[in-house]
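> After the sequence you'll find the predicted model.
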Amino acid sequence: MKKGLIILIGLLIVQTSNAQIISQKDFLNTEWFSHNTDSLFFTSDTISLIKFSNIYDQGKGYKIFYESESLGEPQSVIFQFNRQGKLNFWVKNYHWSSKAIIGERTWKIDKQNAELVIYRNGTKEWTLKPIEKNQIEFENKNQKFKTTELIMIKKK
């Protein structure tokens with residue numbers, strides 16, 4: 001009886017720790033990009049999101065990240081998670097970009113299922129379920145940097 005109870009408690013602890021891969025604070029006021037090119041983002045079931053976290057200031061009044069140069073694709077999808085669940089979303093190509101209407105998309109973390117849910121005009125557009133969270137390291141201009149990568153399954 002004790003052995004069964006110990007196994008049950010162990011399984012609950014493992015399930016709880018696995019379910020806590022993401023939280024609201026992971027996304028609040030952050031920017032991420034999909035390592036998938038723009039067309040693959042919309043068609044693929046599995047996507048990779050990489051956090052912009054290493055600012056390179058050129059002094060021109062806008063933010064540039066080391067991840068853009070080192071890990072960025074000429075085509076990518078960018079997410080900017082803001083307060084009150086607002087989400088700026090755009091597709092970036094080498095020669096152009098298309099930004100979604102401000103306020104069109106919102107986001108929230110479904111704590112019960114440990115999923116990132118994205119809404120478009122109040123209707124659920126995607127549910128992103130994390131399957132892996134990694135710290136990745138990359139090099140730019142002879143400096144080493146770290147950032148976070150989330151591998152996620154995309155559900156409609």
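Noted; the coordinates are in hand.
> And the strands in this protein?
Assigned by DSSP state E, the chain shows strands spanning 30-34, 46-52, 55-56, 64-65, 76-81, 86-92, 97-99, 105-110, 115-120, 123-140, 143-155.
> Please name whichever of these is nearest to Q24.
Nearest to Q24, of all the strands of the chain, is strand 105-110, at 4.8 Å by Cβ to Cβ. The way it works is simple: take the backbone N, C-alpha and C, and place the C-beta from them, glycine included.
> Partner strands of that closest one, with direction?
Strand 105-110 has the following strand partners under DSSP bridges: strand 86-92 (antiparallel), strand 115-120 (antiparallel).
> I'd like to know which of these has the weakest mean confidence.
When the strands paired with strand 105-110 are ranked by mean pLDDT, strand 86-92 comes last with a mean of 86.
> and the angle for it with strand 30-34?
With axes from the mean of the first three to the mean of the last three Cα atoms, to 10 degrees defining the directions, strand 86-92 sits at 40 degrees from strand 30-34.
> just to revisit the earlier point, redo the strands of the chain as a markdown table? Include mean neighbour count and distance to Q24.
Below are those laid out as a markdown table (neighbours: other Cβ atoms under 10 Å; distance: least, Cβ to Cβ, whole Å):
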| stretch | mean neighbour count | distance to Q24 |
| --- | --- | --- |
| strand 30-34 | 21 | 11 |
| strand 46-52 | 20 | 14 |
| strand 55-56 | 12 | 22 |
| strand 64-65 | 18 | 22 |
| strand 76-81 | 21 | 9 |
| strand 86-92 | 18 | 13 |
| strand 97-99 | 12 | 24 |
| strand 105-110 | 17 | 5 |
| strand 115-120 | 18 | 10 |
| strand 123-140 | 14 | 13 |
| strand 143-155 | 15 | 14 |
